[in-house]
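Novice: coords please:
(one chain, ligands or ions: 1)
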Amino acid sequence: MMNTERRVSAPGRVNLIGEHTDYTGGLVMPMTIDRWTRITFREHDRILLTSADEAEPADVAIDCTEPSAVQPAWARFVAAVAAEMRPRTGIRGSVTTSIPIGAGLSSSAALEVAVALALGHDADPVPLAQLCRRAEHRATGVPSGIMDQLAIAAGRAGHALLIDCHDLTVAPVAIPEHAEIVVRFIVHRTLVGSPYAERVAQCAAAEQLIGPLRSATVTDTSSITDPTTRARARHVVSENQRVRDFAAAISGGDLAAAGALMIESHRSLRDDFATSSPAMDAAVDEAIRTPGVHGARMTGGGFGGCIVALCEPGAIPDGWVVTPVDGARLEPSPDTAT
Ligand code: GLA
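Specialist: Numbers count the residues shown, from 1 in each chain. Below is the predicted model of the structure:
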(Lines give C-alpha, C1' and ligand atoms only; values in the text may rest on other atoms or scores of the structure.)
Protein backbone atom coordinates (compact mmCIF):
# COMPACT_ATOMS: atom_id res chain seq x y z
CA MET A 1 0.00 0.00 0.00
CA MET A 2 1.33 3.44 -0.88
CA ASN A 3 1.63 5.72 2.14
CA THR A 4 0.84 9.02 0.47
CA GLU A 5 1.30 12.39 2.15
CA ARG A 6 -2.03 14.14 2.78
CA ARG A 7 -2.96 17.54 4.13
CA VAL A 8 -5.85 18.73 6.25
CA SER A 9 -6.79 22.38 6.93
CA ALA A 10 -9.07 23.73 9.67
CA PRO A 11 -9.80 27.46 9.97
CA GLY A 12 -10.17 29.53 13.12
CA ARG A 13 -13.38 31.32 13.90
CA VAL A 14 -14.56 34.65 15.21
CA ASN A 15 -17.93 34.94 16.87
CA LEU A 16 -19.88 37.93 15.55
CA ILE A 17 -22.62 37.69 18.18
CA GLY A 18 -24.23 35.12 20.49
CA GLU A 19 -21.75 34.83 23.37
CA HIS A 20 -22.17 32.41 26.26
CA THR A 21 -25.39 31.08 24.79
CA ASP A 22 -24.23 27.82 23.22
CA TYR A 23 -24.08 25.69 26.37
CA THR A 24 -27.73 26.48 27.13
CA GLY A 25 -28.83 25.47 23.64
CA GLY A 26 -29.09 29.08 22.47
CA LEU A 27 -28.20 30.92 19.27
CA VAL A 28 -24.74 31.92 18.04
CA MET A 29 -23.42 33.52 14.87
CA PRO A 30 -19.75 32.76 14.33
CA MET A 31 -17.77 32.92 11.10
CA THR A 32 -14.74 30.90 10.01
CA ILE A 33 -11.74 33.12 9.24
CA ASP A 34 -8.88 33.02 6.76
CA ARG A 35 -6.35 31.64 9.23
CA TRP A 36 -5.76 27.92 9.39
CA THR A 37 -4.24 25.06 11.32
CA ARG A 38 -2.79 22.58 8.85
CA ILE A 39 -1.48 19.07 9.31
CA THR A 40 0.63 17.36 6.67
CA PHE A 41 0.73 13.65 7.44
CA ARG A 42 1.18 10.04 6.42
CA GLU A 43 -0.22 6.92 8.01
CA HIS A 44 1.72 5.55 10.96
CA ASP A 45 1.19 3.09 13.79
CA ARG A 46 1.12 5.87 16.45
CA ILE A 47 0.12 9.52 16.38
CA LEU A 48 3.35 11.44 16.11
CA LEU A 49 3.07 15.15 15.33
CA THR A 50 5.61 17.93 15.50
CA SER A 51 4.44 21.54 15.69
CA ALA A 52 6.18 24.65 14.43
CA ASP A 53 4.99 26.40 17.62
CA GLU A 54 5.92 23.78 20.21
CA ALA A 55 9.28 22.50 21.44
CA GLU A 56 8.09 18.95 22.13
CA PRO A 57 6.17 16.69 19.73
CA ALA A 58 2.85 15.01 20.45
CA ASP A 59 3.50 11.26 20.59
CA VAL A 60 0.35 9.35 21.44
CA ALA A 61 -0.72 5.72 21.11
CA ILE A 62 -3.85 5.24 18.96
CA ASP A 63 -5.54 3.43 21.86
CA CYS A 64 -4.78 6.20 24.37
CA THR A 65 -7.44 6.41 27.10
CA GLU A 66 -6.10 9.05 29.55
CA PRO A 67 -5.60 12.22 27.48
CA SER A 68 -5.75 14.72 30.34
CA ALA A 69 -2.37 13.58 31.75
CA VAL A 70 -0.46 13.54 28.44
CA GLN A 71 2.64 15.74 28.06
CA PRO A 72 3.39 18.20 26.55
CA ALA A 73 0.10 20.04 27.20
CA TRP A 74 -0.71 20.67 23.53
CA ALA A 75 -0.61 16.92 22.90
CA ARG A 76 -3.69 16.54 25.14
CA PHE A 77 -5.89 17.85 22.34
CA VAL A 78 -4.42 15.30 19.97
CA ALA A 79 -4.72 12.50 22.55
CA ALA A 80 -8.29 13.44 23.48
CA VAL A 81 -9.42 13.26 19.84
CA ALA A 82 -7.77 9.83 19.56
CA ALA A 83 -9.42 8.69 22.81
CA GLU A 84 -12.84 9.76 21.50
CA MET A 85 -12.30 8.40 18.00
CA ARG A 86 -10.46 5.11 18.56
CA PRO A 87 -8.85 5.24 15.08
CA ARG A 88 -7.63 2.06 13.39
CA THR A 89 -4.40 3.67 12.21
CA GLY A 90 -2.33 6.61 13.37
CA ILE A 91 -0.48 9.42 11.59
CA ARG A 92 2.92 11.03 11.62
CA GLY A 93 3.44 14.52 10.36
CA SER A 94 3.66 18.20 11.22
CA VAL A 95 1.30 20.92 12.38
CA THR A 96 1.51 24.58 11.42
CA THR A 97 -0.96 27.30 12.29
CA SER A 98 -1.65 30.92 11.39
CA ILE A 99 -4.36 31.13 14.09
CA PRO A 100 -2.94 33.01 17.08
CA ILE A 101 -2.84 30.65 20.07
CA GLY A 102 -4.64 31.77 23.25
CA ALA A 103 -6.40 34.67 21.54
CA GLY A 104 -9.97 33.32 21.63
CA LEU A 105 -10.03 32.49 17.91
CA SER A 106 -10.43 28.74 18.48
CA SER A 107 -6.94 27.49 17.80
CA SER A 108 -7.61 24.44 20.01
CA ALA A 109 -10.89 23.58 18.26
CA ALA A 110 -9.15 23.91 14.88
CA LEU A 111 -6.45 21.48 16.05
CA GLU A 112 -9.06 19.00 17.28
CA VAL A 113 -11.02 19.11 14.04
CA ALA A 114 -7.86 18.84 11.93
CA VAL A 115 -6.65 15.82 13.94
CA ALA A 116 -10.03 14.09 13.66
CA LEU A 117 -10.07 14.53 9.88
CA ALA A 118 -6.47 13.35 9.58
CA LEU A 119 -7.39 10.25 11.62
CA GLY A 120 -10.14 9.44 9.14
CA HIS A 121 -13.33 11.04 10.45
CA ASP A 122 -15.91 11.17 7.66
CA ALA A 123 -16.34 14.98 8.11
CA ASP A 124 -20.09 14.97 8.75
CA PRO A 125 -20.13 18.37 10.57
CA VAL A 126 -22.42 17.68 13.54
CA PRO A 127 -20.91 14.35 14.68
CA LEU A 128 -17.43 15.74 13.97
CA ALA A 129 -18.13 18.79 16.14
CA GLN A 130 -19.70 16.70 18.91
CA LEU A 131 -16.67 14.40 19.01
CA CYS A 132 -14.25 17.33 19.10
CA ARG A 133 -16.27 19.09 21.81
CA ARG A 134 -16.01 15.96 23.98
CA ALA A 135 -12.27 15.92 23.22
CA GLU A 136 -11.95 19.56 24.33
CA HIS A 137 -13.66 18.68 27.63
CA ARG A 138 -11.30 15.75 28.19
CA ALA A 139 -8.20 17.74 27.25
CA THR A 140 -8.94 20.87 29.30
CA GLY A 141 -11.72 20.10 31.80
CA VAL A 142 -13.50 23.29 30.63
CA PRO A 143 -17.22 22.57 30.02
CA SER A 144 -17.36 24.53 26.77
CA GLY A 145 -20.21 24.57 24.28
CA ILE A 146 -20.28 23.35 20.68
CA MET A 147 -20.00 26.65 18.83
CA ASP A 148 -16.29 26.59 17.99
CA GLN A 149 -16.08 23.02 16.73
CA LEU A 150 -19.33 23.25 14.75
CA ALA A 151 -18.37 26.57 13.15
CA ILE A 152 -15.01 25.13 12.08
CA ALA A 153 -16.60 21.94 10.75
CA ALA A 154 -19.45 23.69 8.90
CA GLY A 155 -17.93 27.03 7.75
CA ARG A 156 -19.01 28.46 4.42
CA ALA A 157 -16.99 30.95 2.34
CA GLY A 158 -18.59 34.39 2.28
CA HIS A 159 -20.98 33.55 5.12
CA ALA A 160 -21.40 33.66 8.86
CA LEU A 161 -23.31 30.76 10.41
CA LEU A 162 -26.52 31.15 12.39
CA ILE A 163 -26.34 28.08 14.63
CA ASP A 164 -29.13 26.84 16.87
CA CYS A 165 -27.17 25.03 19.58
CA HIS A 166 -30.29 23.11 20.68
CA ASP A 167 -31.06 21.25 17.45
CA LEU A 168 -27.62 21.93 15.89
CA THR A 169 -29.02 23.35 12.67
CA VAL A 170 -26.67 25.65 10.77
CA ALA A 171 -28.01 28.40 8.50
CA PRO A 172 -25.38 30.28 6.45
CA VAL A 173 -25.98 34.06 6.35
CA ALA A 174 -24.16 35.96 3.59
CA ILE A 175 -21.87 38.75 4.78
CA PRO A 176 -22.63 41.85 2.67
CA GLU A 177 -19.87 42.89 0.27
CA HIS A 178 -19.66 46.37 1.77
CA ALA A 179 -19.05 45.03 5.31
CA GLU A 180 -15.56 44.65 6.68
CA ILE A 181 -14.98 42.49 9.74
CA VAL A 182 -11.92 43.35 11.76
CA VAL A 183 -10.38 41.51 14.70
CA ARG A 184 -8.02 43.16 17.18
CA PHE A 185 -6.03 41.06 19.59
CA ILE A 186 -6.03 42.60 23.08
CA VAL A 187 -4.54 40.15 25.59
CA HIS A 188 -3.74 36.44 25.90
CA ARG A 189 -6.15 34.32 27.87
CA THR A 190 -7.01 30.73 28.67
CA LEU A 191 -10.41 29.48 29.74
CA VAL A 192 -8.70 26.87 31.95
CA GLY A 193 -8.95 28.20 35.49
CA SER A 194 -11.11 31.17 34.38
CA PRO A 195 -14.66 31.81 35.65
CA TYR A 196 -16.02 30.12 32.46
CA ALA A 197 -17.12 26.98 34.34
CA GLU A 198 -18.74 29.15 37.01
CA ARG A 199 -20.78 30.92 34.30
CA VAL A 200 -21.94 27.54 32.96
CA ALA A 201 -23.02 26.60 36.51
CA GLN A 202 -24.79 29.94 37.03
CA CYS A 203 -26.80 29.41 33.84
CA ALA A 204 -27.70 25.89 35.00
CA ALA A 205 -28.84 27.36 38.34
CA ALA A 206 -31.05 29.88 36.50
CA GLU A 207 -32.55 27.03 34.44
CA GLN A 208 -33.44 25.18 37.66
CA LEU A 209 -35.58 28.20 38.54
CA ILE A 210 -37.18 29.28 35.26
CA GLY A 211 -36.63 26.41 32.80
CA PRO A 212 -34.57 26.41 29.58
CA LEU A 213 -33.04 29.84 28.95
CA ARG A 214 -33.36 29.31 25.19
CA SER A 215 -37.15 29.62 25.50
CA ALA A 216 -37.34 32.07 28.46
CA THR A 217 -38.17 35.77 28.16
CA VAL A 218 -36.49 38.70 29.90
CA THR A 219 -39.67 39.02 31.99
CA ASP A 220 -39.18 35.40 33.14
CA THR A 221 -35.68 36.26 34.36
CA SER A 222 -36.99 39.07 36.59
CA SER A 223 -38.56 36.45 38.89
CA ILE A 224 -35.06 35.21 39.90
CA THR A 225 -34.32 36.71 43.31
CA ASP A 226 -30.54 36.26 43.44
CA PRO A 227 -29.18 39.31 41.57
CA THR A 228 -26.15 37.54 40.10
CA THR A 229 -28.14 34.58 38.77
CA ARG A 230 -30.76 37.01 37.44
CA ALA A 231 -28.15 39.06 35.60
CA ARG A 232 -26.53 35.97 34.06
CA ALA A 233 -29.93 34.73 32.83
CA ARG A 234 -30.86 38.18 31.50
CA HIS A 235 -27.68 38.23 29.42
CA VAL A 236 -28.37 34.84 27.85
CA VAL A 237 -32.02 35.52 27.10
CA SER A 238 -31.39 39.00 25.67
CA GLU A 239 -28.37 37.73 23.70
CA ASN A 240 -30.46 35.08 21.96
CA GLN A 241 -32.82 37.83 20.77
CA ARG A 242 -29.87 39.95 19.64
CA VAL A 243 -28.62 37.05 17.52
CA ARG A 244 -32.00 36.79 15.77
CA ASP A 245 -32.07 40.56 15.20
CA PHE A 246 -28.44 40.61 14.04
CA ALA A 247 -29.05 37.85 11.49
CA ALA A 248 -32.03 39.83 10.13
CA ALA A 249 -30.02 43.07 10.01
CA ILE A 250 -27.06 41.44 8.23
CA SER A 251 -29.38 39.69 5.76
CA GLY A 252 -31.02 43.03 5.01
CA GLY A 253 -27.66 44.79 4.63
CA ASP A 254 -28.42 47.09 7.60
CA LEU A 255 -24.93 47.36 9.04
CA ALA A 256 -25.80 50.23 11.38
CA ALA A 257 -28.46 48.10 13.08
CA ALA A 258 -26.14 45.09 13.20
CA GLY A 259 -23.36 47.20 14.73
CA ALA A 260 -25.69 48.61 17.39
CA LEU A 261 -26.57 45.04 18.41
CA MET A 262 -22.87 44.19 18.77
CA ILE A 263 -22.43 47.15 21.11
CA GLU A 264 -25.44 46.01 23.17
CA SER A 265 -23.99 42.50 23.28
CA HIS A 266 -20.72 43.83 24.64
CA ARG A 267 -22.47 45.88 27.34
CA SER A 268 -24.50 42.85 28.38
CA LEU A 269 -21.34 40.73 28.63
CA ARG A 270 -19.64 43.49 30.61
CA ASP A 271 -22.49 44.35 32.99
CA ASP A 272 -24.67 41.21 33.29
CA PHE A 273 -22.32 38.35 32.44
CA ALA A 274 -19.04 39.81 33.75
CA THR A 275 -16.79 38.22 31.14
CA SER A 276 -15.14 41.39 29.83
CA SER A 277 -12.17 43.25 31.31
CA PRO A 278 -11.12 46.91 31.49
CA ALA A 279 -8.69 46.39 28.59
CA MET A 280 -11.41 44.82 26.42
CA ASP A 281 -13.90 47.57 27.36
CA ALA A 282 -11.37 50.26 26.48
CA ALA A 283 -10.63 48.62 23.11
CA VAL A 284 -14.34 48.37 22.29
CA ASP A 285 -14.92 52.01 23.32
CA GLU A 286 -12.02 53.15 21.14
CA ALA A 287 -13.30 51.11 18.19
CA ILE A 288 -16.86 52.43 18.37
CA ARG A 289 -15.62 56.04 18.52
CA THR A 290 -13.75 55.48 15.24
CA PRO A 291 -15.43 56.86 12.12
CA GLY A 292 -16.75 54.10 9.84
CA VAL A 293 -17.17 51.56 12.66
CA HIS A 294 -20.76 50.31 13.00
CA GLY A 295 -20.17 48.30 16.15
CA ALA A 296 -17.67 46.27 18.15
CA ARG A 297 -17.62 43.79 21.01
CA MET A 298 -15.46 41.31 22.85
CA THR A 299 -15.56 37.94 21.11
CA GLY A 300 -15.20 34.40 22.42
CA GLY A 301 -15.19 33.14 25.98
CA GLY A 302 -13.85 36.40 27.40
CA PHE A 303 -11.50 37.36 30.25
CA GLY A 304 -9.17 38.55 27.49
CA GLY A 305 -8.75 37.55 23.86
CA CYS A 306 -9.91 39.67 20.94
CA ILE A 307 -12.50 42.24 20.01
CA VAL A 308 -14.39 42.09 16.71
CA ALA A 309 -15.67 45.13 14.82
CA LEU A 310 -18.09 45.55 11.93
CA CYS A 311 -17.06 48.51 9.81
CA GLU A 312 -16.63 50.26 6.51
CA PRO A 313 -13.57 49.08 4.55
CA GLY A 314 -10.36 50.55 5.95
CA ALA A 315 -11.91 52.03 9.11
CA ILE A 316 -9.51 50.23 11.51
CA PRO A 317 -6.14 50.16 9.73
CA ASP A 318 -4.26 48.41 12.58
CA GLY A 319 -6.70 45.47 12.89
CA TRP A 320 -6.80 42.13 11.05
CA VAL A 321 -9.39 42.15 8.31
CA VAL A 322 -10.86 38.64 8.35
CA THR A 323 -12.88 37.01 5.59
CA PRO A 324 -15.19 34.01 5.94
CA VAL A 325 -13.82 30.81 4.45
CA ASP A 326 -14.99 27.23 3.96
CA GLY A 327 -14.83 24.90 6.95
CA ALA A 328 -12.24 22.23 7.69
CA ARG A 329 -11.37 19.74 4.98
CA LEU A 330 -9.04 16.98 4.01
CA GLU A 331 -7.49 18.02 0.74
CA PRO A 332 -8.04 15.65 -2.16
CA SER A 333 -5.30 13.07 -2.63
CA PRO A 334 -2.64 14.08 -5.09
CA ASP A 335 -2.56 12.04 -8.33
CA THR A 336 0.09 9.73 -6.89
CA ALA A 337 -2.42 8.44 -4.36
CA THR A 338 -4.46 6.52 -6.92
C1 GLA B 1 -15.66 29.62 24.23
C2 GLA B 1 -16.32 28.25 24.18
C3 GLA B 1 -17.60 28.29 23.36
C4 GLA B 1 -18.52 29.40 23.82
C5 GLA B 1 -17.75 30.72 23.96
C6 GLA B 1 -18.60 31.81 24.57
O7 GLA B 1 -15.24 29.98 22.95
O8 GLA B 1 -15.45 27.29 23.62
O9 GLA B 1 -18.25 27.04 23.43
O10 GLA B 1 -19.17 29.08 25.02
O11 GLA B 1 -16.58 30.58 24.74
O12 GLA B 1 -19.61 32.18 23.71
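Novice: C-alpha from now on. contacts and neighbour counts both.
Specialist: Fine.
Novice: State the helix or strand in which the residue lying closest to I186 once chain neighbours are set aside lies.
Specialist: Residue nearest to I186 in three dimensions, not counting chain neighbours: C306, with 5.3 Å by Cα to Cα, 6 or more residues apart in numbering. Taking DSSP states H and E as the definition, one finds C306 inside strand 305-311.
Novice: Adjacent strands (with direction) for that strand?
Specialist: Sheet pairing of strand 305-311 (DSSP bridges) gives strand 180-187 (antiparallel), strand 293-299 (antiparallel).
Novice: got the contact list for the closest residue in space to R230 that isn't next to it in sequence?
Specialist: Leaving aside its sequence neighbours, R230 sits nearest to I224 (Cα to Cα, 6+ apart; 5.3 Å). The neighbourhood of I224, defined by Cα atoms under 8 Å, 6 or more residues apart in numbering, consists of A206, L209, I210, R230.
Novice: Kindly report the same for M31.
Specialist: M31 sits in contact with R13, V14, N15, L16, A151, G155, H159, A160, L161, P324, where contact means Cα under 8 Å, 6+ apart.
Novice: count of neighbours near the first one?
Specialist: R13 sits with 32 neighbouring residues when counted by other Cα atoms under 10 Å.
Novice: quick one: it is in a strand?
Specialist: Yes - under DSSP: H, G, I helix; E, B strand; the rest coil, R13 falls within a strand.
Novice: Can you pull the phi and psi angles for the residue nearest to it when sequence neighbours are not counted?
Specialist: The shortest distance from R13 to any non-neighbouring residue, by Cα to Cα, 6+ apart, is to T32 (4.1 Å). The phi and psi torsions at T32 (degrees, to the nearest 10) take the values phi -70, psi 150.
Novice: same check, this time on L162
Specialist: phi -90, psi 110.
Novice: returning to what we had before: before we go further, the residue nearest to R230 is sitting in a strand, right?
Specialist: No - under the criterion used here (three-state DSSP), I224 is coil, not part of a strand.
Novice: wait, does the strand holding C306 make contact with the ligand?
Specialist: No - for strand 305-311, no contact with the ligand is found by Cα under 6 Å from any ligand atom; the gap never falls below 10.0 Å.
Novice: How far off centre is that strand?
Specialist: Mean-position distance between strand 305-311 and its chain equals 14 Å (Cα atoms, centre = their mean, to the nearest Å).
Novice: List the buried residues of the helix or strand following it.
Specialist: Sequence order places strand 320-322 as the next helix or strand after strand 305-311, per DSSP H and E. Residues of strand 320-322 classed as buried by neighbour count (16 or more other Cα atoms under 10 Å): V321, V322.
Novice: how about the residues of the protein that lie near the ligand?
Specialist: Checking the chain against the ligand by Cα under 6 Å from any ligand atom, the hits are E19, H20, T21, D22, S144, G145, I146, M147, D148, G300, G301.
Novice: Out of these, grab the one that's most surrounded.
Specialist: Ranked by neighbour count (other Cα under 10 Å), those have M147 at the top, with 32 neighbours.
Novice: Quick one: residues contacting it.
Specialist: If you count contacts by Cα under 8 Å, 6+ apart, then M147 has D22, V28, P30, I163, C165 around it.
Novice: May I ask which two of the residues you listed are separated the most?
Specialist: Across the contacts of M147, no pair lies farther apart than P30 and C165, at 11.9 Å, counting by Cα to Cα.
Novice: Have a look at those two and say which one is more surrounded.
Specialist: P30 (28 against 21).
Novice: The closest residue to the ligand within the stretch 101-250 of the chain in helix, strand or coil?
Specialist: Nearest residue of the stretch 101-250 of the chain to the ligand (Cα to the nearest ligand atom) works out as G145 at 3.3 Å. Put simply, G145 is coil when judged by three-state DSSP.
Novice: and if you look at the one 4 residues further on?
Specialist: Reducing the assignment to helix, strand or coil with three-state DSSP, the entry for Q149 is helix.
Novice: since we're on it, how many residues are nearby?
Specialist: 29.
Novice: Tell me the predicted confidence for it.
Specialist: Note for Q149: predicted pLDDT of 98.
Novice: Pretty sure it sits against R134.
Specialist: No - in this structure, Q149 is not within contact of R134 by Cα atoms under 8 Å, at 10.1 Å.
Novice: List the buried residues in whatever helix or strand Q241 lives in.
Specialist: In this assignment (DSSP H and E), Q241 forms part of helix 227-251. Using 16+ other Cα under 10 Å as the test for burial, helix 227-251 gives 229-244, 246-247, 249-250.
Novice: same thing with stretch 33-50?
Specialist: So for stretch 33-50, counting by 16+ other Cα under 10 Å, buried means 33-43, 46-50.
Novice: Any chance of the contacts of M147 in JSON lines with pLDDT and secondary structure as columns?
Specialist: Below are the contacts of M147 laid out as JSON lines (pLDDT from 0 to 100; DSSP: H, G, I helix; E, B strand; the rest coil):
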{"residue": "D22", "pLDDT": "98", "secondary structure": "helix"}
{"residue": "V28", "pLDDT": "99", "secondary structure": "strand"}
{"residue": "P30", "pLDDT": "98", "secondary structure": "strand"}
{"residue": "I163", "pLDDT": "99", "secondary structure": "strand"}
{"residue": "C165", "pLDDT": "98", "secondary structure": "coil"}
